[in-house]
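Novice: quick one: sequence plus predicted model below, questions after.
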Amino acid sequence: MAARRMSSLFSSSHASTLLRSIGNYSGRGTSITRLSTAAALEELITPPVKIEHTKLLINGQFVDAASGKTFPTLDPRTGQLIANVAEGDLEDVNRAVAAARKAFDEGPWPRMTAYERSKILLRFADLVEKHADEIAALEVWDNGKPYDQAATDEIPLFVRLFRYYAGWADKIHGLTIQADGPHHVQTLHEPIGVAGQIIPWNFPLLMYAWKVGPALACGNTIVLKTAEQTPLSALYVSKLFHEAGLPPGVLNIVSGYGPSAGAALASHMDVDKLAFTGSTSTGKIVLGLAAKSNLKPVTLELGGKSPFIVCEDANVDEAVDLAHAALFFNQGQCCCAGSRTFVHERVYDEFVEKAKARALNRVVGDPFKKGVEQGPQVDSEQFDKILKYIKSGVDSGATLETGGQRFGSNGYYIQPTVFSNVQDDMLIAKDEIFGPVQSILKFKDINEVIRRSNATPFGLAAGVFTQNLDTANTLTRALKAGTVWVNCFDVFDAAIPFGGYKMSGHGREKGIYSLNNYLQVKAVVTHLKNPAWL
Amino acid sequence: MAARRISGVMSRSLCLHHLPSSIVSQGKRFNLGRELQRFSTVAALDEPITPPVRVNYTQLLINGKFVDSASGKTFPTLDPRTGEVIANLAEGDAEDINRAVSAARSAFDEGPWPKMTAYERSRVLLRFADLVDKHNDDLAALEAWDSGKPYQQAAKIEIPSVARLFRYYAGWADKIHGLTVPADGPYHVQTLHEPIGVAGQIIPWNFPLIMFAWKVGPALATGNTIVLKSAEQTPLTALYAAKLLHEAGLPPGVLNIVSGYGPTAGAALASHMNVDKIAFTGSTDTGKIVQELAAKSNLKPVTLELGGKSPFIVCEDANIGRAVELAHAALFFNQGQCCAAGSRTFVHERVYDEFLEKAKARAQRRTVGDPFQKGIEQGPQIDSDQFEKILRYIKSGIESNATLECGGDKIGSKGYYIQPTVFSNVKDDMPIAQDEIFGPVQTIFKFKELDEVIKRANMTRYGLAAGVFTKNINTANTLTRALRAGTVWVNCFDVFDAAIPFGGYKMSGVGREKGIYSLHNYLQVKAVVTSLKNPAWL
């Protein structure tokens, strides 16, 4: 369902075909799933793509790290090496910022017409569409997500986002403003300058689009640090961006680690704006570094523990499917995962039984295999953390309905896991697990579920499942979350803003709201002599 | 200069590399002087250059198919260089409008267009823009052939501007935002911006394809369906472009093109009970009829972009060389056939004599000739009606004692060429100072003070545009606010970016086209108010 909703962005016929085939596959039941999974894990499918770009991309050139160091990026299916990638640190971030600074201060990018910028973004979108299969394969290899998901949903959505932002490039409107006296007042919305951007590993390319799209549409230049787990796809598409006509220095890509490259970027005195997507604890560090250096404004898109509320009037089958997708999509590695499934007591037992059956039907296996719904987790750290949380759930007395173990003996696969009888004070109900672990909680009345849903330091998203208009509207306003999906989940249109209340983040990405992150507002006040009107 | 500024809407590289070279080469040609100009003109007029394009589409385009008119009638479209027939076109009238509206109605009510995602619609518009780029030269040749405008102007400025406009509107398709609205009680309020339905659009002959883009772009971006009537003088390019839109994936019935005349096809469209909106660009007199027909039928909302008599004000601190060039382009661009033409050139008395001398010299250097000849600045007027009307106004100028500085006559014996004409000592009460001439006739006035020129500039039933030429910030700001016009160009003129709204005060029109403002013409606003039970906040 998450896949279906994300795919509402592109042609609906395409999406529904894919989903139907996935649906049929998962409908065959557990035994076949197990069988096919084992087969898939034994015979590793060779990704249909070659690794071409492993260096840093600075000032339009692929270059080695100043230190000459490299780091390995690993295949989550095996934990084995895919490629060694140039490892950027402080010195490389300095070089990249200098290139971006010069491209902004002296280069053609902020000086060309917005129409010219928009045409480069449109050409880039066309190029990505042309290379979609290779890009999808890279994304899957590096990240472990199902190939069908990357190829059918994520890459087309990536293209769609850049076409969307291309359209904004020439529609950045300031205002003319009334004055209290003889003054002509207008606002200029100017690019902010050099943007530092740090993206995560769960949706490497989509996060790239959310960051790079608005920054370029507004005429900025960029230094982007990718996640060390997934550096490959950003390098590939950035090469295409230059083919599309992006001038050198406008978009610089530094692969590397957070404490070295990331911290250097967040602390840099010549970076005018910082955008970060990742964990709440890292977000706090980023904000601190920005404050300690040059007070650069910061956009943060952080963790979540989003409620998915199933009311008593719900069609339980539909609710089960939606809640399942809300949690398990992308191996549960979504900041907005519906990771607290609140179910009304009248439908609770039926819901738990069906949710368990649905999880048992989930097809786990080699992400390059057709029909697979769930691949491995991204790395050993996440894998171990998730298994620890599962243990904690069992230890704290929640009922393990299904799953709970690793899957196979190779790579970072975890069984789709469902807990029932989860209580609000358990760790699995409070912390972001970021894995395929559904926690089902019981509630009685609407005020109670509002209070419990909001009793979290997070506020990224919420799902509401009801046919009652008043219930929907009451929950919509009462939930403290940046997105409320009503009878849907994971609808990620380019135009819909996304971001968090509370410790889920600062600011909004996507949509018209994202532009403000990359614009300075200059008020221009001019004295008027004998104005005809005020 | 007008050409250069219009090209600001195109790619910078095009603007910086292609255009200046053409301007430079034109400039060299002007300097060869009047004799050579005459010489080349006469040569061109004797043997019209064969346009490098074939006329493929002459039928009406209804429901995605080219069809004959119900009556079987045709009308000729003429070559303004010779007055001879280019092609005979199916002549639509009331019956064809009914067919086209019914196709548009069913495409709107039942078809895929308003139901597909805005992203899909935007991709159709983007693909169309790519096709326009690909067919640029054919479209430009057809446009020049049918309207008489210089081929280079069409090929380098106008057709790229059409592609640019459609890319602009493609970008709007998925950015139509309604509002959520605060309420005085426990209500959730939101506005839905919905397509208005079937749009009727009537476009003029002076910029056929650019007017097509101004009308069709926003209507399609907002999810409407269209019946468009082209001008009977210039029916060819709209058919060609509409064919390309269908190649780009536009579903049948979404855009229907009816060629024909105003009193028959135009009136039927404006009066139609099943047309939800009408947009018209043309003369003020016809605009009044359109508005009235809309009122008498179903009260459909009307956008009007009508005539003008726009002041171009040259202040005493102006750089005269630049002011002359700008004022010249502001009037003579497109054979003077611009609704926004700077047709009242007000010059401060301290610089009046110098300005006049140079304006006259510039007009005398203007290269007139076959629009397909390279370096030509001015082709023929559109047709014999316009040609004769302009010559009558020139006669009226002379009779009312304005000073004819140069020009004043037709050129050659074939086609509709008129000499670039300049009048000085023009008084506010002369017909040439009051009426829209729509031809290559510049009228120059003298003024003394700022307040005086404001008063005189505003003393017209029109209010489409104004040009201001000054280095003084206070003068610029005072004039900007005081002039009653929909566009004020300061030290520039004819800057027609896709994002800049355009439209008139007073009898120059109703509403605005281009820019974000144009979207409202094609949207209905639906307020949705829902009662709330126990809202967490209001």
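Specialist: Arrived safely, thanks for sending.
Novice: residue A:260 and residue A:487, how far apart?
Specialist: Separation of residue A:260 from residue A:487 (Cβ to Cβ, to the nearest Å) stands at 45 Å. Just so you know, the C-beta spots here come from the backbone N, C-alpha and C atoms, and that holds for glycine as well.
Novice: so which of these two has more stuff around it?
Specialist: Neighbour tally, residue A:260 and residue A:487, criterion other Cβ atoms under 10 Å in any protein chain shown: the higher count belongs to residue A:260, 21 against 15.
Novice: can you tell me which residues contact the residue nearest to the more buried one when sequence neighbours are not counted?
Specialist: Counting by Cβ to Cβ, 6 or more residues apart in numbering or on different chains, the nearest residue to residue A:260 once its immediate chain neighbours are dropped is residue A:89, at 4.1 Å. Listed by Cβ atoms under 8 Å, 6 or more residues apart in numbering or on different chains, the contact partners of residue A:89 are A:65, A:66, A:67, A:69, A:256, A:257, A:260, A:261, A:264.
Novice: skip the chain neighbours and tell me the closest residue to residue A:407.
Specialist: residue A:413 (3.5 Å).
Novice: and the residue nearest to residue A:260, how far is that from residue A:264?
Specialist: For residue A:89 relative to residue A:264 (Cβ to Cβ), the value is 7 Å.
Novice: with adjacent residues omitted, what lies nearest to residue 261?
Specialist: You didn't say which chain, so I picked chain A. Once flanking residues are discounted, residue A:261 sits nearest to residue A:88: 4.6 Å by Cβ to Cβ, 6+ apart.
Novice: not what I meant, chain B
Specialist: Using Cβ to Cβ, 6+ apart, the nearest residue to residue B:261 is residue B:232, at 5.1 Å.
Novice: phi, psi for residue 193 please.
Specialist: By default, I'm working from chain A. The phi and psi torsions at residue A:193 (degrees, to the nearest 10) take the values phi 130, psi -130.
Novice: around residue A:265, how many other residues sit close by?
Specialist: For residue A:265, the count of nearby residues is 29 (other Cβ under 10 Å).
Novice: so the residue nearest to residue A:407 touches residue A:364, yeah?
Specialist: Yes. Between residue A:413 and residue A:364 there is a contact under Cβ atoms under 8 Å: 6.0 Å.
Novice: so the residue of the stretch 151-300 of chain A found nearest chain B is in which element?
Specialist: Shortest the stretch 151-300 of chain A-to-chain B distance, computed as Cβ to the nearest Cβ: residue-wise this is residue A:167, at 2.4 Å. For residue A:167, the host element (DSSP states H and E) is helix A:155-169.
Novice: can you give me how far that helix is from the chain middle?
Specialist: 15 Å (Cα atoms, centre = their mean, to the nearest Å).
Novice: do stretch A:366-384 as well
Specialist: From the chain centre to the centre of stretch A:366-384 is a distance of 17 Å (Cα atoms, centre = their mean).
Novice: in that stretch, what counts as buried?
Specialist: Applying a neighbour-count criterion of 16 or more other Cβ atoms under 10 Å in any protein chain shown, one finds A:366-369, A:371-379, A:382-383 buried in stretch A:366-384.
Novice: about what we covered before: specify the beta-bridge partners of the residue nearest to residue A:261.
Specialist: Going by DSSP bridges, residue A:88 is paired in beta bridges with residue A:256.
Novice: wait, it touches residue A:252, no?
Specialist: No. Residue A:88 sits out of contact with residue A:252 when judged by Cβ under 8 Å, with a separation of 9.7 Å.
Novice: need the overlap of contacts for those two.
Specialist: Here residue A:88 and residue A:252 have A:56, A:96 as joint contacts, going by Cβ under 8 Å, 6+ apart.
Novice: so residue B:300 sits in a strand?
Specialist: No. Read with DSSP: H, G, I helix; E, B strand; the rest coil, residue B:300 is coil and lies in no strand.
Novice: neighbours around it, how many?
Specialist: Around residue B:300 sit 22 other residues, with neighbours defined as other Cβ under 10 Å.
Novice: could you do residue B:451 as well?
Specialist: Burial of residue B:451 is recorded as 12 neighbouring residues (other Cβ under 10 Å).
Novice: same question for residue B:438.
Specialist: Burial measure for residue B:438: 24 neighbouring residues, criterion other Cβ under 10 Å.
Novice: so for residue B:184, what's the pLDDT?
Specialist: As predicted, residue B:184 sits at a pLDDT of 89.
Novice: report the secondary structure state of it.
Specialist: State at residue B:184, reduced to three classes by three-state DSSP: coil.
Novice: residue numbers of the stretch 101-250 of chain B in contact with chain A?
Specialist: Residues of the stretch 101-250 of chain B lying close to chain A (Cβ under 8 Å from any Cβ of the partner chain) are B:117, B:119-120, B:122-123, B:126, B:164, B:167-168, B:170-175, B:177, B:188.
Novice: show me the residues you listed that map onto strands.
Specialist: The subset of those located in strands under the criterion DSSP state E comprises residue B:188.
Novice: among the residues of the stretch 101-250 of chain B next to chain A, which ones are buried?
Specialist: For those, a neighbour count by 16+ other Cβ under 10 Å gives the buried set as B:117, B:119-120, B:122-123, B:126, B:164, B:167-168, B:170-175, B:188.
Novice: now do the strand or helix carrying residue A:94: everything it contacts.
Specialist: Taking DSSP H and E as the definition, residue A:94 sits inside helix A:90-105. By Cβ under 8 Å, 6+ apart, the residues outside helix A:90-105 that reach it are A:56, A:58-59, A:65-67, A:88, A:109-110, A:191, A:193-194, A:196, A:220-223, A:225, A:247-250, A:252, A:254, A:256, A:260-261, A:264-265, A:268, A:270-271.
Novice: sorry, back to before: among the contacts of residue A:89, name the buried ones.
Specialist: The neighbour-count test (16+ other Cβ under 10 Å) marks A:65, A:66, A:69, A:256, A:260, A:261, A:264 as buried among those.
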